[in-house]
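Asker: Here's a sequence, model it:
(one chain, ligands or ions: 1)
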Amino acid sequence: NEGSLWGARFASGPSPELARLSKSTHFDWQLARYDLAGSRAHARALAAAGYLQPAELDGMLAGLDALEARIETGELVAAESDEDVHGALEAALIEVVGPELGGKLRAGRSRNDQIATLVRLYLKDHAAVIGRELVHLIDALVAQADAHPSAIMPGRTHLQHAQPVLLAHHLLAHGWALSRDLERLVDWTKRADVSPYGGGALAGSTLGLDAAAVASDLGLASPAPNSIDGTASRDVVAEFAFVAALIGIDLSRISEEIILWNTREFGFVTLDDGYSTGSSIMPQKKNPDIAELARGKAGRLIGNLTGLLATLKALPLAYNRDLQEDKEPVFDSVETLEVLLPAFTGMVATLTFHTERMAELAPAGFSLATDVAEWLVKRHVPFRDAHEITGALVRAAEERGVGLEDLDDAQLAAVSPHLVPEVREVLSVEGSVASRDGIGGTAPARVAEQLSALADRVRQL
Ligand code: ARG
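Answerer: Have a look, this model is predicted:
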């Protein structure tokens with residue numbers, strides 16, 4: 001039982017079955033450098049409180065630095081007998097600085113306050129990486145919008161032709177959604193910026209260690225105000241997983257459109273060769289695999305979140321070993337997004353839009369009917385009547401198998417005496433788009449305005 005963290009009270013070591021179940025080094029080794037950062041901060045707090053002499057502190061810090069160097073080269077890895085990253089690194093430190101000094105580091109801390117702190121450090125770093133990737137994606141959407149200032153496409157509701165809109169307007173809609181995800185990550189950081197270190201197992205420490213100094217040493221804003229909450233809560237992990245899931249969902253909505261737009265029937269986009277795949281049997285195929293993987297991974301990100309929430313549900317205070325189950329799902333969410341986002345951004349940045357095909361379809365499906373109804377309103381026809389008249393106009397055109405703009409003066413007048421020839425002014429998609437000039441509307445000037453507003457917003461976050 002030598003070398004175990006709790007050996008003395010036990011007559012025997014853990015059974016092999018327990019050791020296998022209990023082991024977490026295959027995933028928590030990712031936290032090794034945060035564990036060492038925590039140990040350095042803790043050693044300084046022990047020294048400040050008089051539990052380590054200055055020379056001992058120096059020896060301890062040198063030992064921790066030596067471990068960090070060996071971890072970076074891959075030379076130091078967890079041993080088969082190690083349960084978790086904390087125990088493994090304590091054992092490794094003892095090998096370097098000896099049991100006398102190495103055995104002093106564990107005073108006044110527990111793996112419970114350690115792990116609760118380390119997971120925050122890890123997530124804060126990765127929130128910054130994911131945030132930068134989101135900015136790149138938003139930039140790519142903004143650049144595509146900027147490159148297509150006047151392209152008009154069929155705007156849809158219920159996936160049916162609804163009203164013509166600018167392609168740039170549509171692309172920016174996705175950009176705004178992603179900017180809120182970025183804002184969520186930034187806001188999450190405020191709640192993550194807390195250090196449970198010093199909380200011990202649950203009740204705090206008797207040693208008078210300066211938890212605020214440890215927090216600031218670790219780059220965290222403040223110590224946890226309640227040691228039970230600090231060691232037992234994982235809402236910060238769940239909230240991170242939620243933001244990651246929402247990013248996945250927002251990507252999946254873009255993906256679904258790219259997949260549709262890339263079909264022969266739509267013909268709105270062509271994917272760059274570097275961001276699409278072929279088929280092993282059908283030589284002609286060019287598939288939107290990045291969009292499909294993004295759509296699929298949204299499910300995985302949702303699964304990580306729901307798994308975590310289920311782990312936390314009804315868990316009594318304070319620390320329970322169930323909490324070890326928080327790491328694999330949230331690590332997976334991080335890795336998923338860090339691999340997915342760069343590929344996704346590349347796909348968006350290199351999309352070719354077939355604006356002539358979009359323009360051809362923009363007026364189809366009587367998408368200018370609302371413009372006719374609003375034109376009638378401007379001539380003081382009550383909207384209820386205008387809606388009726390326009391509905392009858394659509395039916396008349398549909399019966400003849402033509403568009404609204406193809407009806408002659410007599411056919412217009414037959415539907416309603418209000419439908420004088422000037423109505424044709426609004427029967428163009430350009431006119432329709434230009435006239436929707438309220439805030440947030442699809443008029444080119446409004447879209448140009450929100451394009452710079454979005455670019456600014458992202459820079460402010
Ligand atoms: N490996 C544990 C976790 O990930 C931390 C260790 C706490 N273990 C314990 N038996 N109190 O949550």
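Asker: burial of the closest residue to the ligand within the stretch 101-250 of the chain, as a residue count?
Answerer: Minimum separation of the stretch 101-250 of the chain from the ligand (Cβ to the nearest ligand atom) falls at Arg111, amounting to 3.5 Å. From N, CA and C alone the C-beta is placed, and that goes for glycine too. Arg111 has 21 neighbours, counted by other Cβ atoms under 10 Å.
Asker: Ok, Ala127 next?
Answerer: For Ala127, using other Cβ under 10 Å, the count is 20.
Asker: secondary structure element for the residue lying closest to it once chain neighbours are set aside?
Answerer: Distances taken as Cβ to Cβ, 6 or more residues apart in numbering place Leu185 nearest to Ala127, at 5.1 Å, with adjacent residues excluded. Per DSSP states H and E: Leu185 is located in helix 167-192.
Asker: Can you name every helix or strand that that helix contacts?
Answerer: Packing partners of helix 167-192 (3 or more Cβ pairs under 8 Å, 6 or more residues apart in numbering; DSSP states H and E): helix 111-147, strand 152-157, helix 235-261, helix 444-460.
Asker: what comes up buried for the first one?
Answerer: Right, helix 111-147. 111-124, 126-127, 130-131, 133-135, 137-142, 144-145 (16 or more other Cβ atoms under 10 Å).
Asker: Please list all residues in contact with the closest residue to the ligand within the stretch 201-350 of the chain.
Answerer: Nearest residue of the stretch 201-350 of the chain to the ligand: Gln324, at 3.6 Å (Cβ to the nearest ligand atom). Applying Cβ atoms under 8 Å, 6 or more residues apart in numbering to Gln324 gives the contacts Ser24, Ile115.
Asker: Assign it to one of the three secondary structure states.
Answerer: With DSSP: H, G, I helix; E, B strand; the rest coil as the basis, Gln324 sits in helix.
Asker: what does the protein have sitting close to the ligand?
Answerer: Neighbours of the ligand within the chain, by Cβ under 6 Å from any ligand atom: Ser24, Asp28, Asp84, Arg111, Asn112, Ile115, Tyr319, Arg321, Leu323, Gln324, Lys327.
Asker: rewinding a little: where does the residue nearest to Ala127 sit relative to Arg253, distance-wise?
Answerer: According to Cβ to Cβ, to the nearest Å, Leu185 and Arg253 sit 18 Å apart.
Asker: Among the two, which residue is more densely surrounded?
Answerer: Neighbour totals were compared for Leu185 and Arg253, and Leu185 leads with 21 against 14 (other Cβ under 10 Å).
Asker: got the contact list for the more buried one?
Answerer: By Cβ under 8 Å, 6+ apart, the contact set of Leu185 is Ala127, Ile130, Gly131, Leu134, Val243.
Asker: Could you do Ile130 as well?
Answerer: Leu185, Ala244, Ile247, Val334, Leu337, Glu338, Leu341.
Asker: ok, which pair from these is furthest apart?
Answerer: Checked with Cβ to Cβ, the contacts of Ile130 reach their widest spread between Leu185 and Glu338, with 13.1 Å between them.
Asker: thought Ser24 was touching Asp326?
Answerer: No: between Ser24 and Asp326 no contact is recorded; they are 11.0 Å apart, counting by Cβ atoms under 8 Å.
Asker: Strands of this protein, start to end?
Answerer: Secondary structure of the chain, counting by DSSP state E: strands at 152-157, 160-166, 194-195, 222-223, 269-270, 352-353.
Asker: what's in contact with the fourth one?
Answerer: Put plainly, it is strand 222-223. For strand 222-223, the external contacting residues (Cβ under 8 Å, 6+ apart) are Asp193, Val194, Ser195, Pro196, Tyr197, Gly198, Ala211, Ala212, Val214, Ala215, Gly230.
Asker: now, which of those residues lie within helices?
Answerer: Among the contacts of strand 222-223, DSSP state H puts Ala211, Ala212, Val214, Ala215, Gly230 in helices.
Asker: which among those residues end up buried?
Answerer: The neighbour-count test (16+ other Cβ under 10 Å) applied to the ones in helices among the contacts of strand 222-223 identifies Ala211, Val214, Ala215, Gly230 as buried.
Asker: Contacts only, for the last one.
Answerer: Applying Cβ under 8 Å, 6+ apart to Gly230 gives the contacts Asp113, Ala116, Val194, Ser195, Pro196, Gly199, Pro223, Ala224.
Asker: Could I get those residues in JSON lines, plus columns for pLDDT?
Answerer: Formatted as JSON lines, these follow (pLDDT from 0 to 100):
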{"residue": "Asp113", "pLDDT": "98"}
{"residue": "Ala116", "pLDDT": "98"}
{"residue": "Val194", "pLDDT": "98"}
{"residue": "Ser195", "pLDDT": "98"}
{"residue": "Pro196", "pLDDT": "98"}
{"residue": "Gly199", "pLDDT": "97"}
{"residue": "Pro223", "pLDDT": "98"}
{"residue": "Ala224", "pLDDT": "98"}
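Asker: Many thanks, we can stop here.
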